[in-house]
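*Asks:* Sequence first, predicted coordinates after that:
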Amino acid sequence: MSTATPPEIKDDRPVTPQVLASSRLRPRGRGENSRGTSVVSHGILIVASLIALFPVAWLVFLSLGPDKDDYLHPGGIWGKMTLDNYTFVLQETKFFDWLTSTLIVTLGTTLIGVIISATTGYAVSRMRFPGYKKFMWVLLVTQMFPVAVLMVPMYQILSELQLVDNYLGLILVYCSTTVPYCAWLMKGYFDTIPFEIDEAGRVDGLTPFGTFGRLILPLAKPGLAVAAFYSFLTAFGEVAFASTFMLSDTKYTFAVGLQTFVSEHDAQRNLMAATAVLIAIPVSAFFYFVQKNLVTGLTAGGTKG
Amino acid sequence: MTVAIDRATGKRRGDRAPRPGLGQRLKHGYQKHWYAYAMIAPVVIVLGVLVLYPLVYGFYLTLTDANSLNTARTIGVNEIEATYKFIGFDNYADILWGETAYDRFWSHFIWTIVWTALCVTLHYTIGLGLALLLNQQLRGRTLYRLILILPWAVPTFVTVFGWRFMLADGGIINSFLETLHLPTPLWLEDTFWQRFAAIMVNTWCGVPFMMLSLLGGLQSIDSSLYEAAEMDGASRWQQFRYVTLPGLRSVGSTVVLLGIIWTFNQFAIIFLLFGDTAPDAQILVTWAYYLGFGQQPRDFAQSAAYGILLLAILIVFTSFYRRWLNRNDPQLAI
């Protein structure tokens, strides 16, 4: 079983003019390029960056045009740029209702999901109990469930439990998709914490719960953080369950609410663009802080068995 | 001192408790397992109620003719009893070799396979290319990396709407193509171009994850391997072929598996890009959703049967993939 973990991505080594100059005199080392290669590399990276930036920049640009059909003749926007769309979205639409329900659902999923996946991860990392292998297999298989498998029966069960159009229902549904993955992730992380710490705790008279709560959890903060980010992002971006299980428009999450600007007869694309930008900015900012850990966590969780 | 005792007995991992007598041992075993079961209990309950039971119930539904007209429901104050009946494996037979099986199942099945294969190939090759470029000593490397992650950072449901503005007839992409005197396809209406657009958007969304993971993989390759290869006179291509690619195997096989599962189950992009307007561009997941929730009457039984078929495909695929990985490199049992 491989335990290879991709290391954190390192930052630039300083490239001083002296280094560049001397590189022409001595044979090239790895990662140092001739001028031609370097120009080509920059060229490709600039084109790729433009492709990555453009759709988002375009969305921001369109959000400044006051008219709902501005996306068809964007040249006109330059003359009449305005923040009216934003004030309208914030004041006249259900934006804050959606914000509230998105926060309730994502934070609820994160909290419940991380707590129960942490205890599970600890149990499967430290203890071998009868049924262990079967349990791990179940966790693995649930990771690859397509939404459609469970959508219909879940809908029936939730409606029997009166949990349709209910935050708790959606939170539980999201937990069922995030928890198996987070449990694997946490197991991988707990495995890296020395077992001697548990032993010391146990000999000093702590119960396994005590050892877990007082000694291991504080050490596992980075692992918990990755699991929390994963749960948060999954719950935030989920569309299928949210649009099926949330019926009243004040309980929509952003993913569903954004769709309400487009009806059969009318599409308020300017408002939609403004809402999209309002949603995307804080989430992207948050994402930039966590992305390094996220990659490490996601792939490490996959390679660790 | 405590540590010394543990060391002396040499007991570790799963066998930490000292073993005096049988009674003590049973008691210890009971205690140990009691803690373990208490810790996994919440997950077992959640998965049992919300995954296992729905799965069994869903499988039962596939053996009936349940739809939204004959299941139990409440209209106003009237409660209507369920009237659907058991029909055995008819749903599966109907889906797999019924009269219009090709139009309903097999065409979507083929498109799903093509979609997954094309998307993951594009993700991997573009991601690897960019990762290799970013792994060089290059001015502004960090800036490029931050910009290139952007498609991943913005929530999918937001970017898909951005793409819809761009792809609309008369949107920026067609205006641009027009100025170049190129044909301007109906991206959101014509089946071929719908599929083309879906792959394009999904590629745009999925490359950053591959790029970052593979960049991490590249940086974990020991640089002395490259030095040794250079001493032996290996060309750049040979270094790539014999050092870089084998070095990426561990990370690569994981991200490809994740990528395949995610792309196969990719719901948001196709659903939000086309809604109900593109019956031929639906992959199996969105098609199953359409059967169960997008039409009237809702066909619960067939939708659930699609779900079970999807799950079966994924389980078969994953077990083959794991076996293939293990045969090539026994170290990589994931």
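*Replies:* Arrived safely, thanks for sending. Numbering: from 1, shown residues only, chains lettered A, B, ... in the order given.

*Asks:* Report the central residue of chain B.
*Replies:* Geometric centre of chain B, nearest residue: B:W262, 1.6 Å, by CA atoms, centre = their mean.

*Asks:* does the nearest residue to that residue once chain neighbours are set aside sit in a helix, a strand or a coil?
*Replies:* In space, not counting the residues next to it along the chain, B:W262 is nearest to B:G206; the distance is 7.7 Å by CB to CB, 6 or more residues apart in numbering or on different chains. (C-beta placed from N, C-alpha, C; glycine too.) Per DSSP: H, G, I helix; E, B strand; the rest coil, the secondary structure class of B:G206 is helix.

*Asks:* B:G206 - how many residues pack around it?
*Replies:* Neighbourhood size, B:G206 [other CB atoms under 10 Å in any protein chain shown]: 25.

*Asks:* Surely it and B:T116 touch.
*Replies:* No: proximity of B:G206 to B:T116 does not meet the contact threshold set by CB atoms under 8 Å, at 11.3 Å.

*Asks:* Mutual contacts of those two, please.
*Replies:* In the contact map built from CB atoms under 8 Å, 6 or more residues apart in numbering or on different chains, the residues linked to both B:G206 and B:T116 are B:T263.

*Asks:* sorry, back to before: check what pLDDT the residue nearest to the centre of chain B gets.
*Replies:* Here the pLDDT value assigned to B:W262 is 85.

*Asks:* what does the one 4 residues further on give?
*Replies:* The confidence metric pLDDT takes the value 87 at B:Q266.

*Asks:* If we ignore the residues flanking it in sequence, what's nearest it?
*Replies:* Leaving aside its chain neighbours, B:Q266 sits nearest to B:N202 (6.3 Å; criterion: CB to CB, 6+ apart).

*Asks:* Find the least confident helix or strand in the chain, judged by mean pLDDT.
*Replies:* Picked chain A for this. Averaged element by element with mean pLDDT, DSSP states H and E, chain A has its least confident helix or strand at helix A:17-25 (a mean of 44).

*Asks:* coming back round to it: who are the packing partners of whichever helix or strand the residue nearest to the centre of chain B is part of?
*Replies:* Secondary-structure element containing B:W262, defined by DSSP states H and E: helix B:249-264. Taking 3 or more CB pairs under 8 Å, 6 or more residues apart in numbering or on different chains; DSSP states H and E as contact, the helices and strands that helix B:249-264 lies on are helix A:269-303, helix B:107-134, helix B:191-219, helix B:300-328.

*Asks:* So for B:D280, which of the ones you listed sits nearest?
*Replies:* Of all the helices and strands packed on helix B:249-264, the one in closest proximity to B:D280, counting by CB to CB, is helix B:191-219 (4.4 Å).

*Asks:* hmm, back to that, C-terminal to the least confident helix or strand of chain A, which secondary structure element comes first?
*Replies:* For helix A:17-25, the succeeding helix or strand toward the C-terminus, using DSSP H and E, is helix A:35-62.

*Asks:* Is the helix or strand that comes right after that next one in proximity to chain B?
*Replies:* Beyond helix A:35-62 in the direction of the C-terminus, DSSP H and E gives the next helix or strand as helix A:84-92. No: Helix A:84-92 stays clear of chain B (CB under 8 Å from any CB of the partner chain), getting no nearer than 13.6 Å.

*Asks:* Which elements pack onto helix A:84-92?
*Replies:* helix A:269-303.

*Asks:* Endpoints of stretch B:177-184, how far apart?
*Replies:* Taking CA to CA, to the nearest Å, stretch B:177-184 runs 6 Å from one end to the other.

*Asks:* Might you report the residue contacts of residue 42?
*Replies:* Just going to use chain A. Here A:H42 is in contact with B:L138, B:R139 (CB under 8 Å, 6+ apart).

*Asks:* nope, chain B please
*Replies:* Taking CB under 8 Å, 6+ apart as the criterion, B:P42 is in contact with A:I115, A:I116, A:T119, A:T120.

*Asks:* how does it look with 7 Å?
*Replies:* In this structure, B:P42 makes contact with A:I116, A:T119, judged by CB atoms under 7 Å, 6 or more residues apart in numbering or on different chains.

*Asks:* what's the helix or strand for it?
*Replies:* If you go by DSSP H and E, B:P42 is part of helix B:22-47.

*Asks:* CA atoms only for stretch A:125-136, dumped as CSV, please.
*Replies:* Extracted in CSV, the C-alpha atoms of stretch A:125-136 (Å, rounded to 0.1, in the frame of the first residue of the first chain):
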residue,chain,number,x,y,z
SER,A,125,-7.2,3.8,12.1
ARG,A,126,-6.6,2.5,15.6
MET,A,127,-8.9,-0.4,16.2
ARG,A,128,-9.4,-3.7,14.5
PHE,A,129,-12.9,-4.9,15.3
PRO,A,130,-15.0,-7.7,13.8
GLY,A,131,-16.6,-6.4,10.6
TYR,A,132,-13.7,-4.0,10.0
LYS,A,133,-13.1,-5.0,6.4
LYS,A,134,-16.7,-5.0,5.4
PHE,A,135,-17.1,-1.6,6.9
MET,A,136,-14.1,-0.2,4.9
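
*Asks:* Next, the buried residues of it.
*Replies:* Buried residues in stretch A:125-136, defined by neighbour count with 16 or more other CB atoms under 10 Å in any protein chain shown: A:S125, A:R126, A:M127, A:F129, A:F135, A:M136.

*Asks:* now swap in stretch A:179-192 and tell me
*Replies:* A:V179, A:P180, A:Y181, A:C182, A:A183, A:W184, A:L185, A:M186, A:K187, A:G188, A:Y189, A:F190.

*Asks:* how about those residues in CSV, adding distance to B:N70, secondary structure and pLDDT?
*Replies:* Listed next are the buried residues of stretch A:179-192 as CSV, based on distance: CB to CB, whole Å; DSSP: H, G, I helix; E, B strand; the rest coil; pLDDT from 0 to 100:
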residue, distance to B:N70, secondary structure, pLDDT
A:V179, 34, helix, 89
A:P180, 34, helix, 87
A:Y181, 36, helix, 84
A:C182, 39, helix, 89
A:A183, 38, helix, 89
A:W184, 40, helix, 84
A:L185, 42, helix, 84
A:M186, 44, helix, 87
A:K187, 44, helix, 87
A:G188, 47, helix, 83
A:Y189, 49, helix, 85
A:F190, 49, helix, 88
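
*Asks:* any idea which of the residues you listed is closest to B:I95?
*Replies:* Closest to B:I95 out of the buried residues of stretch A:179-192 is A:P180 (27.8 Å), distances taken as CB to CB.

*Asks:* so for stretch A:93-108, what's the average pLDDT?
*Replies:* With pLDDT averaged residue by residue, stretch A:93-108 scores 90.

*Asks:* just for the chain, where's the confidence low?
*Replies:* Answering for chain A, as no chain was given. Filtered on pLDDT under 70, chain A yields the residue ranges A:1-33, A:70, A:76, A:144-148, A:263-266, A:297-305.

*Asks:* try again with chain B
*Replies:* Low-confidence regions of chain B, defined by pLDDT under 70, span residues B:1-23, B:25-32, B:73-78, B:328-334.

*Asks:* Show me what residue of it gets nearest to chain A.
*Replies:* Using CB to the nearest CB, the point where chain B gets nearest to chain A is B:G216, with a distance of 3.0 Å.

*Asks:* check contacts around residue 115.
*Replies:* Since no chain was named, I'll use chain A. Per CB under 7 Å, 6+ apart, neighbours of A:I115: none.

*Asks:* meant chain B, my bad for not saying
*Replies:* Contacts for B:W115 (CB under 7 Å, 6+ apart) come out as B:I199, B:I283.

*Asks:* okay, now B:L118: neighbour count?
*Replies:* Look at B:L118: counted by other CB under 10 Å, it has 15 neighbours.

*Asks:* related to what we said a few turns ago, surely the residue nearest to B:W262 touches B:T125?
*Replies:* No: counting by CB atoms under 7 Å, no contact exists between B:G206 and B:T125, whose distance comes to 11.9 Å.
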